[in-house]
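Engineer: pasting a predicted model and its sequence here:
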Amino acid sequence: MRRRSGPGPPGRSAPDLSRRSLLKTGAAWLALSALPSAAVDLSGGAPSLKRRRRKIRVAVIGAGAFGGWTALHLLRRGASVTLLDAWGPGNARSSSGGETRVIRATYGPDRAYVEMAARSLLLWKESERRWGRRLYRRTGVIWMAGKDDRYERASLPLLRDAGLACEELGPAEAARRYPQIDFDRVNWVLHERDAGYLLARRACQAVMEGFVSEGGEYRQAAAQPGEIAGGVMEGLPLSDGRRLSADHYVFACGPWLGPIFPEVIGERIIPTRQEVFFFGTPPGDPRFTEDRLPVWIDNGERIFYGIPGNEWRGFKVADDTRGARFEPTAGDRTPTAEGIRSARDYLAFRFPGMKDAPLLEARVCQYENAPGGHFIIDRHPQAANAWIAGGGSGHGFKHGPAIGERLAEMVMGARDPDPFFALSRPAAVGSHARPVRPGPLLVG
C-alpha cells in the first residue's frame, strides 16, 4: 500500500516517532545501501566482476541558506546534485530574502550554536576568497544587557572557547565609544568583535552561482514530495509536468515545510509576520554608518536589533517580537502603521539623533518558528532517503554553511543525525523557550 506524503490541510501535529517506524526506516536504509554497485565485465577474456560506482544523485528543494549550502557541500563530496526553487535564490517570499542578516555567536549556554556560528564564519570568509565577492561585513556586534543578563553571561566562556574575540563594556565605556546610543536601562555591553552582518540576497545568489560553476544543476521549478513506498520516497512531481528522480531528497523549504509535510511537520514550524524598517540618517552625518557603529541587539524587555549602513540603504531597525501567523505565498506584505510607530518610538528613545528620521524602505518577511527556536535537521520518519532541514526561527541564515556541511555528511552516510536537531525533540526542551518573551536565540 502506498502512502502519499505531500501537501494537505495544515494544523495537524507531528506524530511521535515510534520504535516500529524507526525500525522500518532502518530497514529501508539498509535496503538502499544494498543497491547493486557491481556489473559483469565481458570485454575480452573470461568474465570478471568489476566494481562500478555511480555518483549518488540528490535533489535539494529550496535554494535559501539551508538548501543552497547543502547542495554545494553535497556536490563537493562527489554527489550529482539538482537544486530546485520555485522563485529563485534569495527571492522576496523566502526566509533568506532581503538585504542583510546578522552574524553573531552569542547564544547563551547553547554550545552547539556557538560552535556552528564559528564554523560558519570561517566558511563565509573562505567563500568570499574563493568567489572574489564580499558577502560579510565585520562591523562587530554589541549586546545591550538588561537586568536579566544570564544569557550574555553564559555566552562569554563559550565565545572564548570557540576562539571568538569578545569583551565586556560598562555603560560609561560604551557611551564613550558610541555616543550615538543612549544606554539608559543597560547594565553592561557584550562586544563581539568578529561579528557583523551578511548580504543575504546576494549571498544566496552567490552560493547558487558557485554551485552551478562547480558542476551542479539548478532548475527554477516547484516540487512536491514523491509517494512513499516501502520506506523510500519516489520521484518528485514538478510544476513543469516532469518528474525528478534521485537517490536522496532534501527538503529545505522554509515556511512551506508545514503544508508540504502536514503529518510530519504540522505545527512544528509556524511562520509569523515580521516587519523591518530602513530609516534615513541626517544629511552628511557619519555617526550612524557602519564605520562608526556596530550591529546592535537590545536585549531588554522587548528585543530590538538593527544594522547600520546596509550598503547605503539606511539605518535598519526591527522588532524581534513574534508577529501574527502568516501565509508566505500570498500573504500581504504591506507594513503596518503600528509597526512603523513602534520603530520610531524606539529610535527616539535609544538613538536620539534619529528621532523623526524619514522612513526610506520597509519589508515584511517571516520567521519560520520551530519549538524553542531550535533548527530541525533530520531524516523523514517514513522515508529513509528523504531529509528535512528548517525551523530557522529568525536566526538560521548565518548558520547556512555549517548546516549545509552537516546535512551533506548525513546524506552521504558520513554522519548520523544529531538528536539536538531531531524532529522528535519535545517542544519544551531548550534553554531559550521562554514563556513570556522569545529569547535572543531568535535574533539574526
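Structural biologist: Arrived safely, thanks for sending.

Engineer: ranges for the helices of the chain?
Structural biologist: 19-33, 65-76, 111-131, 150-161, 171-177, 200-213, 257-260, 337-350, 400-411 (DSSP state H).

Engineer: mean neighbour count, mean pLDDT and distance to residue 191 for the ones you listed - can I get that in TSV?
Structural biologist: (Glycine included, C-beta is placed from N, CA and C.) Shown next, in TSV, are the helices of the chain (neighbours: other CB atoms under 10 Å; pLDDT from 0 to 100; distance: least, CB to CB, whole Å):
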stretch	mean neighbour count	mean pLDDT	distance to residue 191
helix 19-33	13	44	45
helix 65-76	28	98	26
helix 111-131	17	98	16
helix 150-161	17	98	10
helix 171-177	14	98	8
helix 200-213	20	98	23
helix 257-260	22	97	36
helix 337-350	16	98	17
helix 400-411	24	98	23
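
Engineer: those helices: which one's closest to residue 82?
Structural biologist: Proximity to residue 82, assessed across the helices of the chain by CB to CB, is greatest for helix 65-76 (8.2 Å).

Engineer: hmm, back to that, dump the helices of the chain into TSV; add distance to residue 378 as well.
Structural biologist: Output for those, formatted as TSV (distance: least, CB to CB, whole Å):
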stretch	distance to residue 378
helix 19-33	11
helix 65-76	13
helix 111-131	15
helix 150-161	24
helix 171-177	41
helix 200-213	22
helix 257-260	12
helix 337-350	34
helix 400-411	9
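
Engineer: mind checking those for the one nearest to residue 231?
Structural biologist: When the helices of the chain are compared by CB to CB, helix 19-33 sits nearest residue 231, at 2.9 Å.

Engineer: that older thread, which one of the helices of the chain lies closest to residue 238?
Structural biologist: Evaluated over the helices of the chain, closeness to residue 238 peaks at helix 257-260, with 14.0 Å, by CB to CB.

Engineer: what does that closest one contact?
Structural biologist: Helix 257-260 has contacts (CB atoms under 8 Å, 6 or more residues apart in numbering) with 6-8, 10, 224-225, 251, 253, 265-271, 368, 376, 388, 390-391.

Engineer: which ChimeraX command selects the buried ones in those residues?
Structural biologist: For the buried members of the contacts of helix 257-260, the matching ChimeraX selection, counting by 16 or more other CB atoms under 10 Å, is:
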select :225,251,253,265,266,268,269,270,271,368,376,388,390,391
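
Engineer: mind listing which of the contacts of helix 257-260 are in strands?
Structural biologist: Under the assignment DSSP state E, the contacts of helix 257-260 contribute 251, 270-271, 368, 376, 388, 390 to strands.

Engineer: just these now: which is nearest residue 179?
Structural biologist: Of all the ones in strands among the contacts of helix 257-260, residue 368 has the smallest distance to residue 179: 37.8 Å, by CB to CB.

Engineer: cool, thanks, signing off.
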